[in-house]
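1. just a sequence and a predicted model for now, questions to come.
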Protein chains: 2
Amino acid sequence: MYKRGVRALPQNGANPTLEEVAKVAGVSRATASRVFTASPRVSAKARRAVERAAEKLRYVPNRAARTLVTGRTDSVGLVIPEPTAFLFGDPFFPRLVRGISEVLSRRLLQLVLLIPQSAQDEARLEGYLSAGHVDGVLMVSLHGNDPLPERLLQRGTRVVLGGRPSGNSPVTYVDVDNVGGARAAVEHLVGLGRKKIATVTGPLDMAAGVDRLQGFHDGLRQAGLRADASLEHAGDFGQESGAKAMKVLLDRHPDLDAVFCASDVMAAGALDTLRRHKRRVPEDVAVVGFDDSTIATSTAPSLSSVRQPIEEMGREMARLLLAGLDSPASGGKRVILATELIVRASSFKGGRE
Amino acid sequence: MYKRGVRALPQNGANPTLEEVAKVAGVSRATASRVFTASPRVSAKARRAVERAAEKLRYVPNRAARTLVTGRTDSVGLVIPEPTAFLFGDPFFPRLVRGISEVLSRRLLQLVLLIPQSAQDEARLEGYLSAGHVDGVLMVSLHGNDPLPERLLQRGTRVVLGGRPSGNSPVTYVDVDNVGGARAAVEHLVGLGRKKIATVTGPLDMAAGVDRLQGFHDGLRQAGLRADASLEHAGDFGQESGAKAMKVLLDRHPDLDAVFCASDVMAAGALDTLRRHKRRVPEDVAVVGFDDSTIATSTAPSLSSVRQPIEEMGREMARLLLAGLDSPASGGKRVILATELIVRASSFKGGRE
DNA sequence: ACCACCTGCGAGAGCGCTCTCGTTCGGGTC
DNA sequence: GACCCGAACGAGAGCGCTCTCGCAGGTGGT
């Protein structure tokens, strides 16, 4: 630890305090404060004097002091575990951040990103977040049943999740309609005349994985097809796992005529495997992915996929958090955003109907 | 703004204060404080009592109060402008973050990411950073002559830059040896017998762009070749710009036999153009990129490139910042990290010598 | 001319913590 | 037994700010 005396903030001639600004402006500290808190009860003359003094002294209010008395920090944290944050080829993170800061900027709130790199980091995070560094916390794509959100909630910290948490915790969350999206994908494949539809699922300890499988089942049932566990194989959302899962499925069912992959990246892997096994896409096997990520348009053939409104998810998360900060009691709300099937070459008509 | 009374932190039964912990433990506030500041002058008995009380009350020290008196926040900010942060296909950001947090974690400092999305965001950032939210600031890949670092410095905030700033500001920075790396690339091409070597430069308002061009010139001079402005064309580090620049160069000099691109992504674009113009790589035209990013191994042919030690850059930035926090006066230090040429198929022997 | 009222402002308390300073106390030392 | 010394602890100040409260002075109604 660096020593006291070497203060991080008031270095170099020391940051001026409100007291000093007030003195220079010839008003009381209270009046000076009113100027910076945008309180209305200040005469134009006093306001100008304070503003000039602040300008002259290069005054910046000390946030710690302000936070201490108001209990507010005017910043909110966004927690993204490292694997998700740095998933390349899929600009999930940037789009989310864009949506979130769009809303926060309007409220002059600072978005602070926290990317835990290890379990140890994550443990420290709890302390950081509950010690009053931020007014509220946004979290996305937690694995399994992360206890962090609930623990923060108990401490009185406002939390909004991106993606449904496993289990049924009372935490507010925003999610995209994974079930509906997957169902739509299956409906589409059925509409193409496909009868033997397989799926590469996501990890089943994540809600997105479970929900997309659920939608897959719903779609089959609706079409009068029955689910068959041997037509399902789990992946981890990564490309490699998609390729491997596809191979397993193909070995078990050489005659399958469609596959729904729970992520585009896995679908890209599946396409590789299909090519290697001399299947034509979409003629022999139609493929639909999920996410509508950038990779969907760069595969050959281009990939049909379920689009999710990521920016809107970010915006909605931010809105819910702000609502939670404003109102004392705000129970576990949930918002589900619609998804949309985008049809491209990998599942186009003209296959074999 | 949300109202007072609805405090962000002490919600829900209110966060316990040190005072309360002390009372439960049967000691004074001072002693309790000593326990949490890891001060040695506490008896084992008192320490246990305080720890038990804290456990029982779920006590978390209020950071704002602590910061107010110590002047420390125990967190440091990392500022990355949006375009760099979300550059896909090149995991610069994750690698940097990994290096930085490796060092910070050991000191129990929290890394806080700040990604300004607009000029307005950036303006707000100055207030945030100089208001004492963080003990120090790390910044990377600023465009042009961003005044932010110097202004923070004047305020007494410790700043360390990643990448040499344009102009000669007194800010401490870490950079990779762009000049040396580019020179090595040219030396390599010359060693392959290439005589007519072109370059696609980076943006020349960025130090990395300037320095790599500098190295290119150095390499030519060293080999007794003379620089020719018509063999140089600027790009913006993006793929598209690489493709276009290559086309311009090829139109001007159909007989060029090598090209050095200031980024791998631009090199990938250049490869496309070369293929389209029926040039064989490396037989007709040898290509060397810069960054040794992931794309370098996925192009056809794989790309020779100049590798830069990103993680080490992150570590070094963090180390310099810590040193700056510890010592009162720490002038503008500069650390340059060595780069290394990685030779792959795009510039292999067996071309045409 | 009086009172009620509102606006603008200052005095002062206090947010939760750390740190300095002084006091207490147990155990050597002579 | 008197003295000293260091270890453990408590009292209290104060970090820089916001907010409540009360007071002065001006305005308007009667």
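-> Looks like it arrived, so ask away.

2. buried ones in the lowest-mean-pLDDT helix or strand in chain A?
-> None of the helices or strands of chain A scores lower by mean pLDDT, DSSP states H and E than helix A:82-85, at a mean of 74. Across helix A:82-85, burial judged by 16 or more other CB atoms under 10 Å in any protein chain shown covers A:E82, A:T84, A:A85. Bear in mind the C-beta positions are built from the backbone N, C-alpha and C, glycine included.

3. burial measure for the residue nearest to A:A65 when sequence neighbours are not counted, as a count.
-> Distances taken as CB to CB, 6 or more residues apart in numbering or on different chains place B:L68 nearest to A:A65, at 5.4 Å, with adjacent residues excluded. Counted with other CB atoms under 10 Å in any protein chain shown, the neighbours of B:L68 add up to 18.

4. so which strand or helix has B:L68?
-> Secondary-structure element containing B:L68, defined by DSSP states H and E: helix B:63-70.

5. now the residue lying closest to A:V259 once chain neighbours are set aside, what's its secondary structure?
-> Using CB to CB, 6+ apart and skipping residues adjacent in sequence, the residue nearest A:V259 is A:A198, 4.6 Å away. Using DSSP: H, G, I helix; E, B strand; the rest coil, the structure places A:A198 in strand.

6. how about the helices in the stretch 151-300 of chain A?
-> Assigned by DSSP state H, counting those that start in this stretch, the helices in the stretch 151-300 of chain A fall at A:178-191, A:207-222, A:239-252, A:264-276.

7. the residue of the stretch 201-350 of chain A found nearest chain B: neighbour count?
-> Distances between the stretch 201-350 of chain A and chain B by CB to the nearest CB are smallest at A:D326, namely 4.5 Å. If you count neighbours by other CB under 10 Å, A:D326 ends up with 13.

8. same thing with A:R226?
-> 8.

9. that one contacts A:I197, correct?
-> No. Look at A:R226 against A:I197 with CB atoms under 8 Å: they stay out of range, at 11.2 Å.

10. overlap in contacts, these two.
-> The contact sets of A:R226 and A:I197 overlap at A:L220 (CB atoms under 8 Å, 6 or more residues apart in numbering or on different chains).

11. what sits against A:A207?
-> A:G163, A:R164, A:P165, A:S166, A:D175, A:N178.

12. report the buried members of these.
-> With burial judged by 16+ other CB under 10 Å, the buried subset of the contacts of A:A207 is A:G163, A:R164, A:P165, A:S166, A:D175, A:N178.

13. now, among these, which is nearest to DNA strand C?
-> Lowest distance from DNA strand C to the buried ones among the contacts of A:A207 (CB to the nearest atom of the strand) belongs to A:P165, with 29.6 Å.

14. for the closest one, give its distance to DNA strand D.
-> Distance from A:P165 to DNA strand D, counting by CB to the nearest atom of the strand, to the nearest Å: 34 Å.

15. contacts only, for that residue.
-> Residues counted as contacts of A:P165 (CB under 8 Å, 6+ apart) are A:L142, A:N145, A:D146, A:P149, A:V171, A:Y173, A:A207.

16. residues near the first one, how many?
-> By the other CB under 10 Å criterion, the neighbourhood of A:L142 contains 22 residues.

17. check contacts around it.
-> Counting by CB under 8 Å, 6+ apart, A:L142 makes contact with A:P81, A:L148, A:P149, A:L161, A:G163, A:P165.

18. find the helix or strand that it is a member of.
-> Judged by DSSP H and E, A:L142 forms part of no helix or strand.

19. same thing with the fourth one?
-> With secondary structure defined by DSSP H and E, A:P149 is part of helix A:148-154.

20. does anything pack onto that helix? Which helices or strands?
-> With contacts taken as 3 or more CB pairs under 8 Å, 6 or more residues apart in numbering or on different chains; DSSP states H and E, helix A:148-154 sits against helix A:119-130, strand A:136-140, strand A:158-162.
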